[in-house]
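Asker: Starting from these lines, generate the structure:
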Amino acid sequence: MSDTSRQSDDFEAAAKGSPEQVAEFEDHHRGFMGTVQHFLHVNPSLVPLIVLVAAILIFGALLGAKFFSPFALTLILQQVQIVGIVAAAQSLVILTAGIDLSVGAIMVMSSVVMGQFTFRYGLPPTVAILCGLAIGTAIGAVNGFLVSRVKLPPFIVTLGMWQIVLAANFLYSQNETIRSQEIEANAPILQLFGAKFNVGGAVFTVGVIFMLVLILVLAYALRHTAWGRHVYAVGDDPEAAELSGVNVHRTLMSVYMLSGLICAFAGWALIGRIGSVSPTSGQLANIESITAVVIGGISLFGGRGSILGSLFGALIVGVFTLGLRLLGADAQWTFLLIGMLIIAAVAVDQWIRKVAA
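Answerer: Model prediction:
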């Protein structure tokens, strides 16, 4: 009997067997690397988690207690809280095979609205905060409408919106910075996300807790709700999703509006982080969020990845930044290593995607 005939008989036997026998047959013929490839395809956040743990162990071995202290580890969380929140918004859009270059501008514009509505127009701070959240959601709705109804490419839409919102931000604020002392004296709720509390030597902020809760809620929604399944389906193949009964327009609108709302919350957190309302702050948030998402293993082609990965990606950047700073290395080494990680992450994603091909 030839090898081809034997393999054909094996396949027919496995196909007639139990699901366990079929899985065993597939694993046997997939080989070791194929099994690893399939496992990473099913668990996309595992790669950034491994990189994160490895980075912590390496810097811990080099720096000892200076790096492993509760203060140092929670300082990383404080430093990445803004990027982590914006990366959560970016993740939702990228999961639908889109990209949002306007996230940073939306964040800053929302923070400016919160500050200016409070101090220029004398609105109660809570009302000003709600206005800022509404502005962020509205900008996201415009992005979603242009992508889902007008059928413009997400890259072009959000690139244009980035410029529009950035210009509107500077024109409206007149480049005016609202100082920390003014906010602290008259509207301390604007600095809510910067409030700190100590737990056994570890210093947390409200912004850090918000980031972690946001990621966990979105992870649950994406994994265990119909809306989450629709987001993945639209990112994987919008035409097939529509044929199966998914309302693609409604899904895209909800994603972009939620992204805008999350960026507005990031704007509120930004005020707490830097203490003031500055129209020039956070201008690199769009690039930093995409970096966290890509390193976190979310596919730029859409339909695959875990939002937990974006958190791991942001933490990886934070660990490298703090670790190299404590080692006294030049800041350019951070950019070099992060750039290498981005290219490696995309290469790994392409390799893993072959499983579904």
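
Asker: Going by residue numbers, what spans are strands in this structure?
Answerer: Secondary structure of the chain (DSSP state E): strands at 196-199, 202-205.

Asker: Now tabulate those in JSON lines and tack on mean neighbour count.
Answerer: In short, each C-beta sits where N, CA and C put it, glycine included. Shown next, in JSON lines, are these (neighbours: other Cβ atoms under 10 Å):
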{"stretch": "strand 196-199", "mean neighbour count": "11"}
{"stretch": "strand 202-205", "mean neighbour count": "17"}
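
Asker: Just send those back as TSV, with distance to E176 and mean pLDDT too.
Answerer: TSV is the format used below for these (distance: least, Cβ to Cβ, whole Å; pLDDT from 0 to 100):
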stretch	distance to E176	mean pLDDT
strand 196-199	27	86
strand 202-205	26	88
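
Asker: Dump those strands into JSON lines; add distance to V246 as well.
Answerer: Formatted as JSON lines, the entries for the strands of the chain read as follows, by distance: least, Cβ to Cβ, whole Å:
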{"stretch": "strand 196-199", "distance to V246": "43"}
{"stretch": "strand 202-205", "distance to V246": "38"}
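
Asker: and for stretch 103-111, what are the contacting residues?
Answerer: Applying Cβ atoms under 8 Å, 6 or more residues apart in numbering, the contact partners of stretch 103-111 are 82, 86, 89-90, 132-133, 135-136, 139-140, 161-162, 165-166, 168-169, 259-260, 263-264, 266-268, 270-271, 277, 279, 281-287, 289.

Asker: Just the CA atoms of it, as PDB, please.
Answerer: C-alpha atoms of stretch 103-111 as PDB (Å, rounded to 0.1, in the frame of the first residue of the first chain):
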ATOM      1  CA  VAL A 103      -7.700  58.900  19.000                       C
ATOM      2  CA  GLY A 104      -5.100  61.300  20.400                       C
ATOM      3  CA  ALA A 105      -6.800  64.400  19.000                       C
ATOM      4  CA  ILE A 106     -10.200  63.200  20.400                       C
ATOM      5  CA  MET A 107      -8.600  62.700  23.800                       C
ATOM      6  CA  VAL A 108      -7.000  66.200  23.900                       C
ATOM      7  CA  MET A 109     -10.100  67.900  22.500                       C
ATOM      8  CA  SER A 110     -12.300  66.300  25.100                       C
ATOM      9  CA  SER A 111     -10.000  67.400  27.900                       C
END
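
Asker: Please work out the average pLDDT along it.
Answerer: For stretch 103-111, mean pLDDT is 97.

Asker: And that stretch, how far out from the chain middle?
Answerer: 15 Å (Cα atoms, centre = their mean, to the nearest Å).

Asker: residues of it that come out buried?
Answerer: Neighbour counts over stretch 103-111 (16 or more other Cβ atoms under 10 Å) mark V103, G104, A105, I106, M107, V108, M109, S110, S111 as buried.

Asker: tell me the two of those residues that are most distant?
Answerer: Greatest spacing in these, by Cβ to Cβ: V103 and S111 (13.0 Å).

Asker: what's near enough to touch V206?
Answerer: Counted by Cβ under 8 Å, 6+ apart, V206 has contacts L192, F193, G194, A195, G272.

Asker: List buried members of the residues you listed by neighbour count.
Answerer: Burial by neighbour count, 16+ other Cβ under 10 Å: within the contacts of V206 this picks out L192, F193, G194, G272.

Asker: Nothing else from me, thank you.
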